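Peer 1: Please find the sequence and the predicted model below.
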Amino acid sequence: MSSRELQTFFVLIRVGLRKPIRTGDEAVSGYYQNLGVSAYDAEEAKDMILELVEDGRVDWLRSEWIDFDTVLPAIKNRSVGIVAPFIWYKSERALFTK
């Protein structure tokens, strides 16, 4: 049994799509998405996120680890009762073009 404590993370990830999606005159090249993650450390949270993202590559330099105290209470409440590593929140995707 591990003596490590589960930590809660909130991350805004930037993902570059492997294949841009054409929408009218523009090509969507990626998206931003907020994720709530419970993990034993940030490296485990990153690994979980990398497993989740299948359509592109996470740009960690343009992604942001957000202070959990600044997250809206309605979203924070979704992390209550989590007892094992888990991605407990996924926002909609905000698409971007180059």
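Peer 2: Received the coordinates, thanks.
Peer 1: Enumerate every residue touching R4.
Peer 2: Contact analysis of R4 by CB atoms under 8 Å, 6 or more residues apart in numbering lists 40-41. Bear in mind the C-beta positions are built from the backbone N, C-alpha and C, glycine included.
Peer 1: average model confidence for the helix ranked longest in the chain?
Peer 2: Secondary structure of the chain per DSSP state H: the longest helix is helix 42-52. If you average the pLDDT over helix 42-52, you get 98.
Peer 1: next SSE after that helix?
Peer 2: strand 56-58 (DSSP states H and E).
Peer 1: in its sheet, what does that following strand sit against?
Peer 2: In the sheet, strand 56-58 lines up against strand 7-23 (antiparallel) (DSSP bridges).
Peer 1: quick one on the thing from earlier: got the angle for the longest helix of the chain vs strand 7-23?
Peer 2: 30 degrees (axes from the mean of the first three to the mean of the last three CA atoms, to 10 degrees).
Peer 1: For helix 42-52, which residues meet the burial criterion?
Peer 2: Within helix 42-52, the residues that count as buried by 16 or more other CB atoms under 10 Å are 44-46, 48-49.
Peer 1: Packing partners of it?
Peer 2: On a contact count with 3 or more CB pairs under 8 Å, 6 or more residues apart in numbering; DSSP states H and E, helix 42-52 meets strand 7-23, strand 26-39, strand 86-90.
Peer 1: out of the buried residues of helix 42-52, who's nearest I13?
Peer 2: Closest approach to I13 among the buried residues of helix 42-52 (CB to CB): I49, at 6.3 Å.
Peer 1: For I66, see how far away that closest one is.
Peer 2: From I49 over to I66 the distance is 13 Å, taken as CB to CB, to the nearest Å.
Peer 1: tell me, what's touching those two both at once?
Peer 2: By CB under 8 Å, 6+ apart, the residues touching both I49 and I66 are V11.
Peer 1: What is the nearest of the buried residues of helix 42-52 to V37?
Peer 2: After measuring the buried residues of helix 42-52 against V37 - CB to CB - the closest member comes out as A45, at 4.4 Å.
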